[in-house]
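J.: Test case, fold it:
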Amino acid sequence: MSKLSSPPQIQCPRVKRPPWSDDREQRKKIQEEYERRRMQLRDLCLALKAKSVSDLQDILFSMLLSECVYKLSYVAQGDAATVLRQTK
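T.: Numbering: from 1, shown residues only. Reported below is the predicted structural model:
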């Protein structure tokens with residue numbers, strides 16, 4: 001029987017960043033975006049009187065669910081044309 005040998009190991013070259021790339025600038029942009037979104041969530045929580053982001057999720061889910069039920073009630077009543085017009 002012949003012995004099977006394993007394929008040769010190939011080393012991938014490491015990617016070097018160009019000397020002009022600035023990680024600090026990228027981190028600063030990411031941090032600014034994070035702060036902007038955090039403030040948006042905080043303002044939305046205050047507007048809806050939610051105590052936490054979890055409460056905010058529950059409120060938004062309830063709003064979405066009630067909208068679905070509202071539109072489905074039209075379908076149940078046989079007024080599907082109204083629903084179709086509202087969704088366009």
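
J.: packing partners for the host helix or strand of Gln40?
T.: For Gln40, the host element (DSSP states H and E) is helix 23-47. Here helix 23-47 touches helix 53-76, going by 3 or more C-beta pairs under 8 Å, 6 or more residues apart in numbering; DSSP states H and E. C-beta here means a position set from N, CA and C on the backbone, and glycine is covered the same way.

J.: who does the helix it packs on touch, helix- and strand-wise?
T.: helix 23-47, helix 80-87.

J.: That helix: which residues count as buried?
T.: Residues Leu56 are the ones in helix 53-76 that count as buried (16 or more other C-beta atoms under 10 Å).

J.: That helix versus helix 23-47: what angle between them?
T.: Here helix 53-76 points in a direction 60 degrees away from that of helix 23-47 (axes from the mean of the first three to the mean of the last three C-alpha atoms, to 10 degrees).

J.: where does this structure dip in pLDDT?
T.: Low-confidence segments of the chain (pLDDT under 70): 1-10, 15, 17-21, 74-76, 78-88.

J.: I'd like to know how far Lys51 sits from Leu44.
T.: 13 Å (C-beta to C-beta, to the nearest Å).

J.: out of these two, which sits in the more crowded spot?
T.: Leu44 (14 against 8; other C-beta atoms under 10 Å).

J.: now that one, nearest residue through space, not along the chain?
T.: Sequence neighbours aside, Leu56 is the residue nearest to Leu44 in space, at 6.3 Å (criterion: C-beta to C-beta, 6 or more residues apart in numbering).
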